[in-house]
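Chemist: 3D, please:
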Amino acid sequence: MYVEGRIETRSYVDQNNINRKVFEIIADNVQTLEWKPRDGEATEPAETPSQDESSKPASQTNTKDDLPF
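Modeler: Prediction:
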């Protein structure tokens with residue numbers, strides 16, 4: 001994954017009076033990158049979805065184990 005954006009931090013005191021710090025990644029651009037083997041490494045071609053499956057909206061191609069993004 002390639003992510004462009006910024007990291008924001010904020011602090012707060014929780015209900016147990018403990019100081020907490022939160023780091024949030026605010027993404028402006030996210031791209032899925034393709035893995036390429038180094039010279040001399042054996043590899044198998046990556047599976048690509050068929051034309052029928054790639055033209056469906058993501059909500060129709062996800063299974064119960066797939067992430068929604």
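Chemist: Just the pLDDT for residue 68.
Modeler: pLDDT for residue 68: 60.
Chemist: shaky segments in this structure?
Modeler: 41-69 (pLDDT under 70).
Chemist: 80 instead, please
Modeler: For the chain, residues meeting the criterion pLDDT under 80 lie at 38-69.
Chemist: For it, just list every one of the strands.
Modeler: 2-13, 19-31 (DSSP state E).
Chemist: To residue 40, which of those lies closest?
Modeler: Nearest of the strands of the chain to residue 40, taken as CB to CB: strand 2-13 at 25.3 Å. Using the backbone N, CA and C atoms, a C-beta is placed for each residue, glycine as well.
Chemist: what inclination does that closest one have with respect to strand 19-31?
Modeler: 160 degrees (axes from the mean of the first three to the mean of the last three CA atoms, to 10 degrees).
Chemist: so what strands line up beside strand 2-13?
Modeler: strand 19-31 (antiparallel) (DSSP bridges).
Chemist: buried ones in the strand it pairs with?
Modeler: Counting neighbours by 16 or more other CB atoms under 10 Å, one finds that strand 19-31 has no buried residues.
Chemist: contact partners of that strand?
Modeler: 1-14 (CB atoms under 8 Å, 6 or more residues apart in numbering).
Chemist: Kindly recompute the last result at 10 Å.
Modeler: 1-14, 69 (CB atoms under 10 Å, 6 or more residues apart in numbering).
Chemist: circling back: nearest to residue 37, out of the strands of the chain?
Modeler: strand 2-13 (18.5 Å).
Chemist: quick one: residue 31 from residue 5, how far?
Modeler: 12 Å (CB to CB, to the nearest Å).
Chemist: So what pairs up with residue 26 in the strands?
Modeler: residue 6.
Chemist: Can you tell me how far it is from residue 10?
Modeler: Residue 26 sits 12 Å away from residue 10, going by CB to CB.
Chemist: Check residue 23 too.
Modeler: Counting by CB to CB, the gap from residue 23 to residue 10 is 9 Å.
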